[in-house]
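Student: pasted the sequence and its predicted model underneath.
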Amino acid sequence: MLPAAALEDEEPIAVASYYIPLLVESPEEGFFVEFLSEAAKRAGIEYKLELYPPKRAMRLFEDGNAMAIIPALLPTLSKDAVLTCTIFTKTIHGFVREGDTIPNKPSELEGKRIGLVRGFSYPRSIIYNENIKIDYADTTDGSLKKLEEGRIDVVVVDGHTAVRAIERLDLKGLVYDLSINLHSQPVFMAFQPTGKGEALALRMSKAILSMKEDGTYDALLLSIK
């Protein structure tokens, strides 16, 4: 591992990300953006955050053209990477129309037409189940509108994003229960598997833990709840 001094006086590291409602709204706004800013400040790391389409962001990281990517989930990483400690827990929930039963587990989606959003990470128990009919939309908004119109039976998506969309679009007749998780998985920030990447991940992890200990992390998290 490189000593801290070896990381100083270098060019800002390239960090790739992609648009996620509430979490990454722009290079200046969103929970992960504010989180990254504070953690990097505590870690003494200079960076440049750039947003790309999800697949391009992942390709830049896989090809070594970005030192880090945020967020990173284990199912979507196709190369070795050095991970920070957990920065978030991603949960997905089922949204249905009034009168329909809210699903408690992926198997209860069988026989239904399910709305998923491109770019999101879903468990194999959903996307590879031949008894589940999947309808992809480019955005959470688009999927929820299809649900309201009766074109699909259930929307499976991040809960906080969907609730905000329902309120913003004034959608009617949709019900949900955020205490019911269809799936949850830890989220990380990933760095290149090099000596420098290891040193950066270690420094970021220490900064993240300090944010969790002094309440800064929870305060930021309130912005999406």
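Tutor: Structure received. Numbering: from 1, shown residues only.
Student: residues of the lengthiest helix in the chain that come out buried?
Tutor: As assigned by DSSP state H, the longest helix anywhere in the chain is helix 195-213. Using 16 or more other CB atoms under 10 Å as the test for burial, helix 195-213 gives 196-197, 199-205, 207-208, 211. No exception for glycine: its C-beta is placed from N, CA and C like everyone else's.
Student: which SSE is immediately downstream of it?
Tutor: Of the helices and strands lying after helix 195-213 in sequence (DSSP states H and E), the nearest is helix 216-221.
Student: run through who's touching that next one.
Tutor: 31, 34-35, 38, 208, 211-212 (CB atoms under 8 Å, 6 or more residues apart in numbering).
Student: again, only this time at 10 Å
Tutor: 31-32, 34-35, 37-39, 42, 87-88, 160, 207-212 (CB atoms under 10 Å, 6 or more residues apart in numbering).
Student: and the protein, what are its domains?
Tutor: 4-87+188-224, 89-183 (automatic domain parsing).
Student: related to what we said a few turns ago, elements contacting the longest helix of the chain?
Tutor: Helix 195-213 sits against strand 13-17, helix 31-43, strand 68-72, strand 82-83, strand 183-191, helix 216-221, with contacts defined as 3 or more CB pairs under 10 Å, 6 or more residues apart in numbering; DSSP states H and E.
Student: spatially central residue in the chain, please.
Tutor: Pro71 (5.5 Å; CA atoms, centre = their mean).
Student: quick check, it in contact with Ile87.
Tutor: Yes. Between Pro71 and Ile87 there is a contact under CB atoms under 10 Å: 7.1 Å.
Student: any common contacting residues for these two?
Tutor: Common neighbours of Pro71 and Ile87 (CB under 10 Å, 6+ apart) are 31-32, 35-36, 187-189.
Student: kindly reformat those as a markdown table containing distance to Leu174.
Tutor: Output for the shared contacts of Pro71 and Ile87, formatted as a markdown table (distance: CB to CB, whole Å):
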| residue | distance to Leu174 |
| --- | --- |
| Phe31 | 24 |
| Phe32 | 26 |
| Phe35 | 29 |
| Leu36 | 32 |
| Val187 | 26 |
| Phe188 | 32 |
| Met189 | 33 |
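Student: identify the farthest-apart pair in these.
Tutor: By the measure CB to CB, Phe31 and Phe188 form the most distant pair in the shared contacts of Pro71 and Ile87, at 14.6 Å.
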